[in-house]
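# Quick one, what's the 3D model for this:
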Amino acid sequence: MIRSALAIGLALSLIATSAPAQTRPMTVREFLATANRLPQNATAMLRPEGRRLVDEVSRAVHAVRDEQTAAVAAGRRPAYCIPARGTGITPEGLLARFKALPARRQDISVTQAIREWMVERHPCPA
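Okay, the predicted model is just below:
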């Protein structure tokens, strides 16, 4: 009985603390503001805001990979050639990259920032 009550309580707390679905792309400025509020340790991933940041980056990476796949399928040369083994993005590298953007450019979407980074990081061979 106590176990089932705990399980129900845990499920309800997870539902209550889940971040609402985002309707517009997050900007780099918003991403950094949220990241700055999180602790810089493993517990950040346990917070809804931390999960939201991971989800945002995941959506952005999937979007740029899909663009690459679509370009190849259409017979066009893609803007970047992300290897199958991955993008090589680390949390530290991502934050450093986003913080290095000039303030006037931090209003671009996370997806656009990832796209521009992949153009530099994974150029297609000539």
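
# From here on, just use CA atoms for contacts and neighbour counts.
Noted.

# quick one, helices of the chain?
Applying DSSP state H to the chain gives helices spanning 2-17, 28-37, 48-73, 91-100, 110-121.

# In CSV: those, plus mean pLDDT, distance to residue 84 and mean neighbour count.
Output for these, formatted as CSV (pLDDT from 0 to 100; distance: least, CA to CA, whole Å; neighbours: other CA atoms under 10 Å):
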stretch, mean pLDDT, distance to residue 84, mean neighbour count
helix 2-17, 38, 34, 11
helix 28-37, 96, 26, 16
helix 48-73, 96, 10, 16
helix 91-100, 95, 19, 13
helix 110-121, 97, 13, 18
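
# List the residues that contact the residue most central in space within the chain.
The C-alpha lying nearest the average C-alpha coordinate of the chain belongs to residue 57 (CA atoms, centre = their mean; 0.9 Å). Residue 57 is in contact with 110, 111, counting by CA atoms under 8 Å, 6 or more residues apart in numbering.

# if I look at it, how far off is residue 81?
According to CA to CA, to the nearest Å, residue 57 stands 18 Å off from residue 81.

# before we move on, what about residue 48?
Computed as CA to CA, the residue 48 to residue 81 distance reads 32 Å.
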